[in-house]
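[1] Please find the sequence and the predicted model below.
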Amino acid sequence: MFVAKRMTPDPVTITPATSVSDAIQLLRTHQFRRLPVVDNGKLVGIVTDRDLREVSPSPATTLSVYELNYLLAKMQIKDVMKSPVQTIRDDATIEEAALVMYNDKIGGLVVVDANQKVAGIITETDIFKTFVDLMGLTEGKTRITINVTDKVGLLHEVTGVFKDLSVNIGSLVTYPLDNGHFQLVVRADIQEQDMPAIAKRLEAIQCPVVHVAYIR
């Protein structure tokens, strides 16, 4: 799956000359957490709600509301934005985006196209939603966890068990353990009464079922 399919396209952008007060209002109005900063069509920075909170006067300030608004209106985004910006291409995979966010400890990325123009924004929420969809968590399928070893043809053997028993697999994910072992998580259309037969067949190929959850 690619970033272009999961990002928020055509995000609201601001310029370096945008006032801090206007940027704050945009974030509040649209319930955003970040705004790309664009100058003459080129991405030059990014500003987040945290950046704007840090430059806003403390609630304990002795300034009047008028003075606060005046200061924020005079302060420009170019003075508080982060630059350069961590970006990702719209044709990158979701896994690549997740890895960049994980390694850099950031909650979102500006997405650019082949011409380095801003195409969208992808956030940790988009990544979580993709994970939920890929795992079929909203489909109500039975979740089976199987202990397996790393060997050629293993997936063929496991999926063959389900095929022989006319069970449709919705999704399949592997989690690495230690010493070359894995846990295989399968989501499939399985009735509770059919589970013993499946477990017995998997045990016969040295792939024991260690957990079953019926999600409806």
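    Ah, there it is.

[2] What is the neighbour count of residue 160?
    13 (other CB atoms under 10 Å). Every residue, glycine included, has its C-beta placed from N, CA and C.

[3] What distance do you get for it to residue 154?
    Look at residue 160 and residue 154: by CB to CB, to the nearest Å, they are 10 Å apart.

[4] Likewise for residue 13?
    Separation of residue 13 from residue 154 (CB to CB): 48 Å.

[5] do residue 144 as well
    Going from residue 144 to residue 154 by CB to CB gives 15 Å.

[6] more crowded one of these two?
    Taking neighbours as other CB under 10 Å, residue 144 and residue 154 compare with residue 144 leading, 24 against 17.

[7] correct me, but residue 20 touches residue 54?
    No - Residue 20 is not in contact with residue 54 according to CB atoms under 8 Å; the separation is 10.7 Å.

[8] list residues touching both of those two?
    residue 80 (CB atoms under 8 Å, 6 or more residues apart in numbering).

[9] Between these two, point out the one with more neighbours.
    Taking other CB under 10 Å, residue 20 and residue 54 do not tie; residue 20 has more neighbours (21 against 9).

[10] show me the contacts for that one.
    Going by CB under 8 Å, 6+ apart, the list of residues near residue 20 reads 52, 55-56, 72-73, 75-77, 80.

[11] cool, residue 150 as well?
    Residue 150 neighbours (CB under 8 Å, 6+ apart): 180-182.

[12] Now residue 176: closest residue in space, sequence neighbours ignored.
    Of all residues not flanking residue 176 in the chain, residue 182 sits nearest, at 5.7 Å (CB to CB, 6 or more residues apart in numbering).

[13] Pull the number of nearby residues for that neighbour.
    Residues within reach of residue 182, counting by other CB under 10 Å, total 16.

[14] List of residues touching stretch 167-180?
    134-136, 139, 141, 147-150, 155, 159, 162, 182-190, 194, 198.

[15] Domain parsing of the chain, as residue ranges.
    What the record gives for the chain is the domain set 3-132, 142-214, from automatic domain parsing.

[16] now the end-to-end length of stretch 11-26.
    Using CA to CA, to the nearest Å, the end-to-end distance of stretch 11-26 comes to 12 Å.

[17] the bottom helix or strand of the chain by mean pLDDT?
    Every helix and strand of the chain was ranked by mean pLDDT, DSSP states H and E. The lowest is helix 65-74, at a mean of 66.
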